[in-house]
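1. Fold the stuff below for me.
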Amino acid sequence: MDQIIEYVDVKYDVDQLKSIFKDLKRTAYSTFTECDISSWLICSHPRYEEIMKPILDLHKQVHPHICPLATGFNYSPRAEVPYHIPAHLDLDKPLFFNLLLPVRGCAKITVFKTIMNDLEYRHKKSHFMVPKNDNDDLEPVKTVIVDRPVMLNTSILHRVHITDAPRNAWCTRWIDIPGTYNFQTFRDHMEKTLNNSEKSINKLSKVETLWIYQNLKNQLTKN
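-> Numbers count the residues shown, from 1 in each chain. Okay, here's the model as predicted:
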């Protein structure tokens, strides 16, 4: 399971993520199935990709294909049901990995032994599967506290339990990753790229960052 979920050594600017989220939070958002998590994703509003551009441009240097349905902020206002994310696995383009960057609060992710015959589709959705027995008798394999950057293979059954709320985390999902990579080699490539980027989030000037946010915020207000 060391190739399923691991801490990663990447630099990121928490204050910048908070600033972006502050502008997004007043407008359109998406919701999770089977829980009350709110998500401000690329797909949630036509302008969100522009607002998230500083982060997306950086992460596209790692790999150009990013899933708009899973990339953005996941927010839980309280550490109780229904604000935990139940056990599930994601189905996406052949090889895909998630990067989680904590913004506020904390959660723990538990990975479970995955037996595909014990899972089912629900709600006429085909992009995720859940246990037929509604989380009973699951066999936990590994638990990680998401208090620092984490890389996760979400094609394995996993559950997110909020431990400190409000909890907010940025998620990037890279999809269509070449088969020449595995979990470890993609992790190494990601760490090297994000930490050595000449145009990383933490290197944007304050003037440039303020201009981007104010300009896009004005465009959202007009629309």
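2. Quick check: which ranges of the chain have low pLDDT?
-> Within the chain, the segments meeting pLDDT under 70 span 1-2, 25-26, 32-35, 123-127, 134-136, 198-223.
3. what ranges do the strands span in it?
-> Using DSSP state E, the strands of the chain run over 5-7, 30-31, 38-41, 72-76, 85-90, 97-112, 119-120, 128-131, 140-145, 150-152, 158-174.
4. Residue 52: which of these is closest?
-> Nearest to residue 52, of all these, is strand 72-76, at 7.0 Å by Cβ to Cβ. (C-beta placed from N, C-alpha, C; glycine too.)
5. residues contacting the residue nearest to residue 70 when sequence neighbours are not counted?
-> Leaving out its chain neighbours, the residue that sits closest to residue 70 by Cβ to Cβ, 6 or more residues apart in numbering is residue 173, at 4.1 Å. For residue 173, the contacting residues are 66-67, 70-71, 92, 96-99, 154, by Cβ atoms under 8 Å, 6 or more residues apart in numbering.
6. How about residue 169?
-> Residue 169 touches 73-74, 100-103, 107, 146, counting by Cβ under 8 Å, 6+ apart.
7. Just give me the closest of those to residue 88.
-> Nearest to residue 88 out of the contacts of residue 169 is residue 74 (Cβ to Cβ; 13.5 Å).
8. neighbours of the closest one, just the number please.
-> As a burial measure, residue 74 scores 22 neighbours (other Cβ atoms under 10 Å).
9. surely it meets residue 162?
-> No - here residue 74 lies out of contact with residue 162, judged by Cβ atoms under 8 Å, at a distance of 10.2 Å.
10. what's the neighbour count on the residue nearest to residue 165 when sequence neighbours are not counted?
-> Nearest non-adjacent residue to residue 165, counting by Cβ to Cβ, 6+ apart: residue 79, 4.1 Å away. Other residues within reach of residue 79, judged by other Cβ under 10 Å, total 17.
11. same question, the one 5 residues further on
-> If you count neighbours by other Cβ under 10 Å, residue 84 ends up with 20.
12. any idea how far residue 106 is from the nearest residue to it once chain neighbours are set aside?
-> Sequence neighbours aside, residue 161 is the residue nearest to residue 84 in space, at 5.1 Å (criterion: Cβ to Cβ, 6+ apart). Applying Cβ to Cβ, to the nearest Å, the value for residue 161 to residue 106 is 10 Å.
13. for residue 185, same thing?
-> From residue 185 to residue 106 the distance is 29 Å (Cβ to Cβ).
14. Between these two, which is the more surrounded one?
-> Just comparing residue 185 and residue 106: by other Cβ under 10 Å the higher neighbour count belongs to residue 106, 17 against 10.
15. now the more buried one, nearest residue through space, not along the chain?
-> In this structure, residue 106 finds its nearest non-sequential neighbour in residue 164, 4.0 Å apart by Cβ to Cβ, 6+ apart.
16. Residue 82 too?
-> According to Cβ to Cβ, 6+ apart, the nearest residue to residue 82 is residue 36 (4.5 Å).
17. who's in contact with the closest residue to residue 170 other than its chain neighbours?
-> Of all residues not flanking residue 170 in the chain, residue 101 sits nearest, at 4.3 Å (Cβ to Cβ, 6+ apart). Residue 101 makes contact with 10, 12, 14, 17, 149, 169-172 under the criterion Cβ under 8 Å, 6+ apart.
18. Same check on residue 128?
-> Per Cβ under 8 Å, 6+ apart, neighbours of residue 128: 33, 88-91, 121.
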